[in-house]
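The amino acid sequence is not available; the structure is as follows:
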């Protein structure tokens, strides 16, 4: 059985924290991080707002990302082994349970990906908390002054509306609740879906 979980959300909302915890507890679980598909800085356009447009779908090589997800769908065992994922003995064949987590901030804004998810989650946090968390993160390319208010948050609002219009199956998670609460909700939901599909 193959199962694909989408974990989307606002920047610094807790997507990677949740994903890493699920990777440790779910059997035969692989992950595709959207951040791994960002284009090179010289390929990122500068917008009318004066900022490099990192927070738009064109900044990501979505075709390569979809191709990676399809590679997992075609052969999750080979994918897992090639990515160093430990497999349970019964899962080295197609008979076992195989799970893929697709994690990122725009994973519900690209039509070819929307239909692959068996379960969709989205973590949101309010503006002030998001800005605070973002200011404490260290990025390879530091945020220039004014980026959050001038680009990041407006793009988040635009893409969230677009996502809500395109994908109706999303379970929303409050990123202000504890990490344990968020994890438990996702884990229990996954377990219930798994039992219903057996």
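That came through fine. For clarity, every value in this text was computed on a predicted model and none was experimentally measured. Numbers count the residues shown, from 1 in each chain.

gap between residue 53 and residue 121?
26 Å (C-beta to C-beta, to the nearest Å). Using the backbone N, CA and C atoms, a C-beta is placed for each residue, glycine as well.

brain fart, residue 75
Taken as C-beta to C-beta, the span from residue 75 to residue 121 is 25 Å.

all helices for the chain, in order.
15-25, 62-74, 76-82, 111-114, 127-136, 147, 153-166, 179-197 (DSSP state H).

Which one of those helices lies nearest to residue 37?
When the helices of the chain are compared by C-beta to C-beta, helix 62-74 sits nearest residue 37, at 4.5 Å.

Now that closest one: buried residues?
62, 65, 66, 68, 69, 72 (16 or more other C-beta atoms under 10 Å).

Closest to residue 161 out of the residues you listed?
Proximity of the buried residues of helix 62-74 to residue 161 (C-beta to C-beta) peaks at residue 62, which lies at 19.1 Å.

Can you name the residues that contact that closest one?
Residue 62 sits next to 37, 110, 112, 113 when contact means C-beta atoms under 8 Å, 6 or more residues apart in numbering.

which among those end up buried?
37, 110, 113.

Wait, the last one touches residue 103, no?
Right, the one you point to is residue 113. No: using C-beta atoms under 8 Å, residue 113 is not in contact with residue 103, being 11.9 Å away.
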